[in-house]
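Participant: predicted structure and sequence below. I'll ask about it afterward.
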Amino acid sequence: MESPEQLHQSIEELTIPRLLRRNALQHADRPALTTGIGPDDGTLTWFQLRAEVAALTRGLAAVGLNRGERMLIAMSKRAEHWVAALAAIHLGALPCSTYDTLSTGQIRFVARHSAATVLVVEGAEQLRRWQPVLDDLPHLRAVVLLDWDAAPAGDARFVSYPAVRAAGPPDDAAFDALTDEATPDQPLTVVYTSGTTGDPKGVVLTHRNVIHESLMQDQLLAVPEHPRTVAYLPMAHIAEQVLGIHMPICGAGHVTICPDPAQLLPTLLRVRPHGFFGVPRVWEKLAAGLRRRLDALTGEPAETVARARRLALEVFHLRSAGKDVPEDLAAELERLDEQVLRPIRAAVGLDRCHRASSGAAPIPTAVLETLASVGLPVHEVWGLSETTGAATISTPEAFALGAVGRPGPGIEVRVAGDGELFVRGPVVVPGYLRADGGIEPATDADGWLPTGDIGTVDARGIVSITDRKKEIIITDGGKNIAPTRIESLLRAHPLVAHAVAIGDRRPYVTALLVLDEEAAPLWAKAHGLGDGGPEELARRPEVLAALDTAVEEANASLSRPEQVKKYRVLAGPWTPESGELTPKLSLRRKAVAHLHAATIESMYG
């Protein structure tokens, strides 16, 4: 394994344009980007991808996109999204993908704050949301529209994507010159935060940031050469920016785009990815599906699987505790894994997954144990947009159940006096985009980034996150309580999709529980309750009795001040559109408090 100094040195001459050129020359015919899994899916090789980027780079220069300027992308997950972002990067401009769930007000804020000069829009759906703000953007020069049929008449700012792509004849020398101009510490892209506590911030990432993050993960969690991955998260999410665009360029991997998250399982089954990152809700749904499949087994197959699962879980717990696994135990697990557990993982398309990780929010330990018991240990990572994604990474050699691993090579983590974690290292971004185009530093004079997360570091150097600094509940009795721990325990029950602990400046802790729109009907049918919808199930005595038990089990693991005294069940679903969740499915606590104020007050009447 490379030392932090060697990793740093290996990045010194690397930029995303240079790596893309390397791939086009050395891996010309290897697949780079595939869209969909149906009969009409299409694949670009690395040579073809770079050619598409070169063509659009010429066109974007022709419509006036210049070095240092910002370009917004309002497009679904499709190959043109990748091409547009990489073309802007070659010009030295900063692409910024936007969430497709933004309200008109949020669109206006991001568009005006970024001072974008070019906007790339897919079609009528995106244009409907962006049209009301276009005349309020003084810096906007051009709107590149993929679906020209949606273009408004008489607006000279609009130009078709095909026309931009065909703006001029190929000029390989000029494109290579642009490739060579990029430097490692040059700004690469902008990622706007979800704005859970205020207006979004435009986080500026450099080439060094994303390349260090990519090579660091490859070093710590090795995957085969030219790894297969699936891109299914929003393109505006820091994880997809790194895992879907930049890491595959660093490793000459093959990305399959899953445009519709509802098609994730069929896509996994087709692709058999070598690496897969999931936010907790994704892993919770996969674990629930596996549990249903395992519960249906009977007789000798059930006994064999149960024995293999017990062994896998025993090994998982030994490694979690930092203990050695006896050789005979490891050999027996290897045999049973190949014969018994791997076919179970194949049912969700993860039988060839070498790197399974979870981040963005705490994941219930019961979910991790379910997955580990079928030979799919999911390792938690922790970080922010400001740390280019993961700053700490759990590995098979260094992890602990419920913790988020050790700092990556070259990264330091320290705990401040109030418990807040600070991070320093090459993944920490230079700062936030200012409205005037400058960059406001994100760190103090010594390079330390305040993360806003409260946590600890144990004797093995493994970091645990206990809560967000701004989300700590302080009861009217003065008790400091971490809501995420309570919520994680409550979400361990298959009926619960979301849990919110309430109690700041209140006499005791209460909770809102939202039924899982997929798991709840299946649970009801299995318990003979028929096919009632979420509204009906939220009132059924049998469901409430099950949730009573879930709350009691969670309380058994909590101190007295942390225990949930009352709760209310909501049918849901909660989505970014309904207002309770961010686009990356994190809780908007202020929005929850506002939208469900009457329900919350009913627990304190």
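Facilitator: Thanks, I have the structure now.

Participant: residue boundaries of the strands in the stretch 1-150 of the chain?
Facilitator: With strands called from DSSP state E, counting those that start in this stretch, the stretch 1-150 of the chain shows them at 31-35, 42-45, 70-74, 94-97, 118-121, 142-145.

Participant: now swap in the stretch 501-605 of the chain and tell me
Facilitator: Using DSSP E, counting those that start in this stretch, strands in the stretch 501-605 of the chain cover 509-515, 564-570.

Participant: check the stretch 251-400 of the chain too.
Facilitator: 254-257, 275-278, 355-358, 379-384, 389-393.

Participant: now the first one: mean pLDDT?
Facilitator: Pointing back at strand 254-257 there. When pLDDT is averaged over strand 254-257, the result is 97.

Participant: tell me, what residue is most central in this protein?
Facilitator: Using C-alpha atoms, centre = their mean, the residue of the chain that lies closest to the mean C-alpha position is Ala239, 4.3 Å off.

Participant: any idea how many residues pack against Ala321?
Facilitator: Ala321 has 10 neighbours, counted by other C-beta atoms under 10 Å. The C-beta positions use only the backbone N, C-alpha and C, and glycine is treated the same way.

Participant: tell me which of the strands of the stretch 251-400 of the chain lies nearest to Ala492.
Facilitator: strand 355-358 (14.4 Å; C-beta to C-beta).

Participant: which elements pack onto that closest one?
Facilitator: With contacts defined as 3 or more C-beta pairs under 8 Å, 6 or more residues apart in numbering; DSSP states H and E, strand 355-358 has these neighbours: strand 275-278, strand 379-384.

Participant: dump those into a markdown table; add mean pLDDT, mean neighbour count and distance to Pro227 as well.
Facilitator: Listed next are the helices and strands packed on strand 355-358 as a markdown table, based on pLDDT from 0 to 100; neighbours: other C-beta atoms under 10 Å; distance: least, C-beta to C-beta, whole Å:
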| stretch | mean pLDDT | mean neighbour count | distance to Pro227 |
| --- | --- | --- | --- |
| strand 275-278 | 95 | 25 | 6 |
| strand 379-384 | 94 | 24 | 16 |
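
Participant: and of those strands, who's closest to Thr256?
Facilitator: The nearest among the helices and strands packed on strand 355-358, by C-beta to C-beta, is strand 275-278 at 11.5 Å.

Participant: double-check Gln219 against Pro409; I have them as touching.
Facilitator: Yes. Counting by C-beta atoms under 8 Å, Pro409 is a contact partner of Gln219 at 6.8 Å.

Participant: where is the longest strand in this protein?
Facilitator: Counting residues, the longest strand found in the chain (DSSP state E) is strand 449-457.

Participant: quick check: what element follows that one along the chain?
Facilitator: Using DSSP states H and E, the helix or strand that follows strand 449-457 towards the C-terminus is strand 463-468.

Participant: buried ones in that next one?
Facilitator: 463-465, 467-468 (16 or more other C-beta atoms under 10 Å).

Participant: list the neighbouring strands of that strand plus their orientation.
Facilitator: strand 449-457 (antiparallel) (DSSP bridges).

Participant: and the contacts of the partner strand?
Facilitator: The contact list for strand 449-457 (C-beta atoms under 8 Å, 6 or more residues apart in numbering) reads 382, 384, 386-387, 413, 415-416, 418-424, 428, 442-444, 463-470, 472, 482.

Participant: for Asp218, phi and psi?
Facilitator: phi -60, psi -30 (degrees, to the nearest 10).

Participant: ok, it to His226 distance?
Facilitator: Asp218 is 12 Å from His226, where distance means C-beta to C-beta, to the nearest Å.

Participant: could you do Thr267 as well?
Facilitator: 18 Å.
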